[in-house]
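Novice: Have a look; sequence and predicted model below, questions after that.
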Amino acid sequence: FKYYTDLGMKWYLSHFPTTSSFLSTGHLITGEASPGYLPYPDVPKKIRDAMPGTSAPRILVIGREPLDRAYSSYNYNYVEPALKKLRVGYHFPDL
């Protein structure tokens, strides 16, 4: 609801299961997870306006201790990929 808005609601919804396929699995909810919307105060209104006639969409924000999150992100994005390369015998170029 902040990026790719020119592609329309049909494009956005194509990233989610259809109602029939969703309900046939027995699931109760679906959605997306993105902290990228938080800095933009206009996004909640855009979400509500894009879904007229439906019950109000729920926006759930879960906070996390900043240092733990940064450490986890560093491990996930840098340490784990480097270890994976080392495990398969990747040789880093000489510096």
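Specialist: Perfect, thanks for sending it.

Novice: Skip the chain neighbours and tell me the closest residue to Pro57.
Specialist: What sits nearest to Pro57 in space, not counting adjacent residues and going by Cβ to Cβ, 6 or more residues apart in numbering, is Ile47, at 5.4 Å. Backbone N, C-alpha and C define where each C-beta goes, glycine included.

Novice: Looking at the one you found now. What's its pLDDT?
Specialist: On pLDDT, Ile47 comes in at 82.

Novice: low pLDDT regions in this protein?
Specialist: Residue ranges of the chain with pLDDT under 70: 56, 91-92, 95.

Novice: if I pick Trp61, what's in contact with it?
Specialist: Not quite, residue 61 is Val, not Trp. Leu38 (Cβ atoms under 8 Å, 6 or more residues apart in numbering).

Novice: and it, how far is that from Ser34?
Specialist: 11 Å (Cβ to Cβ, to the nearest Å).

Novice: that older thread, so is the residue nearest to Pro57 in a helix, a strand, or just coil?
Specialist: helix (DSSP: H, G, I helix; E, B strand; the rest coil).

Novice: which residues sit in contact with it?
Specialist: Neighbours of Ile47 in contact, by Cβ under 8 Å, 6+ apart: Phe1, Pro57, Ile59.

Novice: Repeat that for Asp49.
Specialist: Counted by Cβ under 8 Å, 6+ apart, Asp49 has zero contacts.

Novice: For Phe1, the count of nearby residues, please.
Specialist: If you count neighbours by other Cβ atoms under 10 Å, Phe1 ends up with 20.

Novice: tell me the helices in this protein, going along the chain?
Specialist: Along the chain, the segments classed as helices by DSSP state H run 8-13, 19-24, 43-50, 66-74, 80-87.

Novice: Let me have those in TSV, extended by distance to Asp94.
Specialist: TSV is the format used below for the helices of the chain (distance: least, Cβ to Cβ, whole Å):
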stretch	distance to Asp94
helix 8-13	46
helix 19-24	52
helix 43-50	47
helix 66-74	25
helix 80-87	16
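
Novice: quick one, which of those helices is nearest to Thr30?
Specialist: helix 19-24 (6.0 Å; Cβ to Cβ).
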